[in-house]
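Below: sequence and its predicted model.
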Amino acid sequence: MAGSVGQAVTSVVPTVTKTVLEAATETVAAAPAVAANAAKLGFSGTGWLGMGAGAAGLAITLLDAWKDSVGSQKGLTAGGLVNPTTVAIFGGAALLGIGEKTGATNMLMRNGLRGAGIALVLGGLAGAVAGALNTFGNPLKAETDAVTSSQSQAPVRFGTTLPPSPANLAGVEVASADVIGEGRKLERVPVYVDPSTAKSLPEGASLGEAIGAARAAAQGDGDSFRSHAVIETSDGKYWTVRLSGSLDQVDGPKYSDGTKYDARYDPEIGRRQQAIQAIAGVEGHFAFPEGMEPTAPVQYTGDIPWVTPTLAGAKPTTSATTPPAATTTPAPTTTTPAAPAAGS
Amino acid sequence: MPAFTLNLNAARVAQLVIGGAGIYGGFKLAESLVRSGYRDDLLGDPTRIVEIDGKSMIYQTRDPQGGKLTNVAIGGGMAAAFAGSVLVLGAAGGAGLGTMARVGLGTGLFALGLGAIAGATAIDDQWRGTDFEPIR
């Protein structure tokens, strides 16, 4: 058996090798002939292919930009006409033109420029198609989503729709806090809500009243260091809801007691869901910079992810985004840290 | 203009396989590179501490990386396609293992570059402009 297989292999290998070598030779020999023939017409077949693909890519990009511009005051620029896709197409067309017509007398350089140009144009065309699919809708989206993981899916913009009820926020990261952690490292801490603790406010209640209710809930919570949030649902109602997750570790005395976060610096809170309207922190870090009155406006607490955090230690002068901690911090001597709550 | 003919033989099949693998590999490579850059821009650590002095810290604002990585992937893909084309179309004629290797390598490089450019532009188009909304 082994002998017959070996015999078969020895008989096949020379045949395949010969065929492969002949074909490789044919590939190499055909290239100059095709190029020379096409040169009589101006552009080679590769050149026409590249230019055609580039034109198609630009047309798709323009169509995409036009769709994005509908309803926008920015006009066609709303869709971003100058982007990697168009740059790749124009760059590829330029390289292709140089390789085809002018500039390169060296054969290797000509071939290289033409190859790089065609790759850029075709890559740009792929980008244009991907962008247009995003804009106009992908007919294969359901099938694609079904077979791809969440890692391979594009993100959706941060939600602008309000949930029908607080229960829809279960397990959803509603906000995040940038805090100083171990090793003086800046960390992002997720913030969640506990929908089972949601309490609706009366019909017609204002945001100020809702903030006041959240503040009262925070003060009256059995766990001294629990923060509460104001949630708005799609029917326009406000709810107060207890926060869960790690925010308590960056808020209040527990922030500096037995946790890995540095108490000397106020965390920066970024909103991640439209539903959350305010956070009533135990020490008033986030939502009540001017005090604890129910009509206090929601404070702008900083952009994420690229804004430089406002650090009390680094900036002695109070800026517009610095919470006046001195006016909102309760006396620490009256507070006894409790054991960490479950879920913190 | 000569009639277009396609001789499908072992070498052509090998070229197609190498080309397909190259396009797929380049696409996935650039895709993951650009996506990770944009994901870090949105979800990663926002800044880093460059100096600590007692109670104060000096922060360096983090620059967005997604767009830069897109440009890197496109540039790398362009270079790979350039080299691949030089190898394939500039190979000296004649039957030999050297020629076959050059054609195969060139095909792979060109396909890798093409895939990288396609992956970078496609993923960039999906992620560019995504952002979170700060509290106001």
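Ah, there it is.

Mind pulling the model confidence for the closest residue to B:Ala80 other than its chain neighbours?
Setting aside the residues directly before and after it, B:Ala80 is nearest to B:Gly113 in space (C-beta to C-beta, 6 or more residues apart in numbering or on different chains), at 3.3 Å. The C-beta positions use only the backbone N, C-alpha and C, and glycine is treated the same way. B:Gly113 carries a pLDDT value of 93.

Do any residues in the helix or strand B:Gly25 falls within lie close to chain A?
Element membership of B:Gly25, judged by DSSP states H and E, is helix B:10-43. Yes - for helix B:10-43, a contact with chain A is found by C-beta under 8 Å from any C-beta of the partner chain, at B:Ala10, B:Ala11, B:Arg12, B:Ala14, B:Gln15, B:Arg35, B:Arg39, B:Asp41, B:Leu42, B:Leu43.

just curious, which of these is nearest to chain A?
Relative to chain A, the closest of these is B:Ala11; by C-beta to the nearest C-beta it sits at 2.9 Å.

wait, isn't the closest one in contact with B:Met100?
Yes - if you go by C-beta atoms under 8 Å, B:Ala11 and B:Met100 touch, sitting 7.2 Å apart.

Could I have the buried ones of the residues of helix B:10-43 next to chain A as ChimeraX selection syntax?
Selecting only the buried entries of the residues of helix B:10-43 next to chain A in ChimeraX, with 16 or more other C-beta atoms under 10 Å in any protein chain shown as the criterion:
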select /B:10,11,12,14,15,35,39,41,42
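
Could I get the residues of helix B:10-43 next to chain A in CSV, plus columns for distance to A:Ala229?
Below are the residues of helix B:10-43 next to chain A laid out as CSV (distance: C-beta to C-beta, whole Å):
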residue, distance to A:Ala229
B:Ala10, 67
B:Ala11, 66
B:Arg12, 64
B:Ala14, 62
B:Gln15, 60
B:Arg35, 31
B:Arg39, 26
B:Asp41, 26
B:Leu42, 22
B:Leu43, 21
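
on that earlier part again, so which bits of the helix holding B:Gly25 are buried?
B:10-12, B:14-15, B:18-19, B:22-23, B:25-27, B:29-31, B:33-42.

do the same with stretch A:201-208
A:Leu201, A:Ala205, A:Leu207, A:Gly208.

Apart from its chain neighbours, what residue comes closest to the second one?
The reference is to A:Ala205. A:Tyr238 is the one closest to A:Ala205 (C-beta to C-beta, 6+ apart), at 5.5 Å.

Going by residue numbers, what spans are helices in chain B?
Taking DSSP state H, the helices of chain B run over residues B:10-43, B:66-89, B:97-127.

circling back to that earlier point, what is the burial count for the residue nearest to B:Ala80?
Neighbour count for B:Gly113, taken as other C-beta atoms under 10 Å in any protein chain shown: 31.

looking at it, B:Met100 is touching B:Gln15, isn't it?
No - if you go by C-beta under 8 Å, B:Met100 and B:Gln15 don't touch, sitting 10.2 Å apart.
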